[in-house]
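Chemist: Got a sequence here, can you build the structure:
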Amino acid sequence: MLKSIKLSTKLYGGFLILIVLILAVVALSYSVGKTLTYNNERNIHTYEVLLSIEEVRLALSNIETGERGYLLSARDEFLEPLTYGKAQLREEIKKLKKMTSDNPAQQKRLDELEPAIRDWEINAIDYFVEQRREDRASRQPSVSLIAELGEGRGKQRMDRIRTLMDEIRETEEALLESRSEKGEADQATLELLQLIVAIAAIVIALVVATLLGRYISRRLQYMREIAKATADGDLTVAINNDTSDEVGAVIEAMKRMQKNLREMLGTIAQGSTELRQAAGR
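Modeler: Numbers count the residues shown, from 1 in each chain. Below is the predicted model:
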């Protein structure tokens with residue numbers, strides 16, 4: 001079958017295989033590259049979520065700092081971090097809900113977190129601030145207020161908030177780790193496939209070059225032997241051609257040339273004999 005294929009077609013076929021392999025690597029690289037880009041974008045998004053979670057923690061800390069300062073001094077300037085913390089807290093919770101809108105589990109936790117924070121603000125922070133405001137004439141918090149603080153009214157609520165915050169943070173960190181592992185696996189897979197395709201391309205190129213080189217070399221050697229025999233006047237050498245490619249066409253032409261030469265020499269020999277016979281009469 002291959003003997004009937006033209007030499008140029010064989011060459012083009014070999015190059016076509018190499019081109020297909022190269023295109024396969026390019027397509028694969030593009031596909032994996034898009035996946036890696038997407039994962040990187042999602043990782044950046046996750047880092048932004050984690051940063052917002054820390055901002056929520058900072059806002060909670062500011063609220064507690066303002067509360068403690070006011071409970072100890074009953075001075076209104078200590079309420080500034082509390083007021084700022086509340087505004088910051090509302091803004092960050094709103095941002096968190098927007099950034100995690102594609103994650104139902106995180107949305108559920110945030111839906112639980114919001115009422116927990118409101119409960120803590122109303123029944124712990126605002127409650128104790130109001131109690132101290134009613135007793136602001138005193139330099140120190142009253143014994144009853146200190147006793148209530150010791151009962152853990154705010155701590156229990158804050159523990160619930162911290163638990164939810166930890167769950168939200170751990171979920172985002174797990175997503176980040178999962179994407180990072182997948183990204184590393186995709187990168188390793190891409191590098192392995194690129195290596196395999198590169199080796200395959202080299203092997204195919206060597207095989208094609210070797211086979212074509214041997215084929216052309218054998219056919220040229222055969223043609224040289226025919227040409228030498230013809231040049232030496234030997235027109236009896238059998239010329240066999242079982243290919244229809246460009247080299248086969250040359251051999252076929254040499255075969256016709258040998259036949260024509262035999263016929264021509266036969267005609268000349270016959271004419272010479274006839275001339276000798278005519279001269280002898």
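Chemist: residue ranges with poor pLDDT in the protein?
Modeler: Residue ranges of the chain with pLDDT under 70: 1-8, 10, 137, 242, 244-247, 280-281.
Chemist: Can you pull up the most central residue in it?
Modeler: In the chain, the centroid-proximal residue (Cα atoms, centre = their mean) is residue 32; its distance is 2.1 Å.
Chemist: With adjacent residues omitted, what lies nearest to that residue?
Modeler: Counting by Cβ to Cβ, 6 or more residues apart in numbering, the nearest residue to residue 32 once its immediate chain neighbours are dropped is residue 190, at 4.4 Å. C-beta here means a position set from N, CA and C on the backbone, and glycine is covered the same way.
Chemist: how much space between the one you found and residue 180?
Modeler: 16 Å (Cβ to Cβ, to the nearest Å).
Chemist: Quick one: the helices in the stretch 101-250 of the chain, in order.
Modeler: Listed in chain order, the helices of the stretch 101-250 of the chain (DSSP state H, counting those that start in this stretch) span 104-120, 126-134, 143-150, 153-231, 246-280.
Chemist: Who are the packing partners of the third one?
Modeler: Helices and strands touching helix 143-150, by 3 or more Cβ pairs under 8 Å, 6 or more residues apart in numbering; DSSP states H and E, are helix 126-134.
Chemist: So what's the residue count around residue 119?
Modeler: Residue 119 has 13 neighbours, counted by other Cβ atoms under 10 Å.
Chemist: Same check on residue 57?
Modeler: Around residue 57 there are 16 other residues, counting by other Cβ under 10 Å.
Chemist: quick one: secondary structure of it?
Modeler: helix (DSSP: H, G, I helix; E, B strand; the rest coil).
Chemist: so what's it up against?
Modeler: Contact analysis of residue 57 by Cβ atoms under 8 Å, 6 or more residues apart in numbering lists residue 165.
Chemist: Equivalent analysis for residue 200, please.
Modeler: By Cβ under 8 Å, 6+ apart, the residues touching residue 200 are residue 21.
Chemist: how much space between the residue nearest to residue 32 and residue 184?
Modeler: Between residue 190 and residue 184 the distance is 11 Å, computed by Cβ to Cβ.
Chemist: And the two? Which one has more around it.
Modeler: residue 190 (18 against 12).
Chemist: residues contacting that one?
Modeler: Contacts here follow Cβ under 8 Å, 6+ apart; on that basis residue 190 touches 28, 29, 32.
Chemist: Out of the residues you listed, which sit inside helices?
Modeler: Among the contacts of residue 190, DSSP state H puts 28, 29, 32 in helices.
Chemist: In CSV: those residues, plus distance to residue 145.
Modeler: Putting the ones in helices among the contacts of residue 190 into CSV (distance: Cβ to Cβ, whole Å) gives the following:
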residue, distance to residue 145
28, 69
29, 67
32, 63
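Chemist: returning to that earlier point: so the residue nearest to the centre of the chain touches residue 191, yeah?
Modeler: No - applying Cβ atoms under 8 Å as the test, residue 32 and residue 191 come out as separate, 9.6 Å apart.
Chemist: No more questions from me, cheers.
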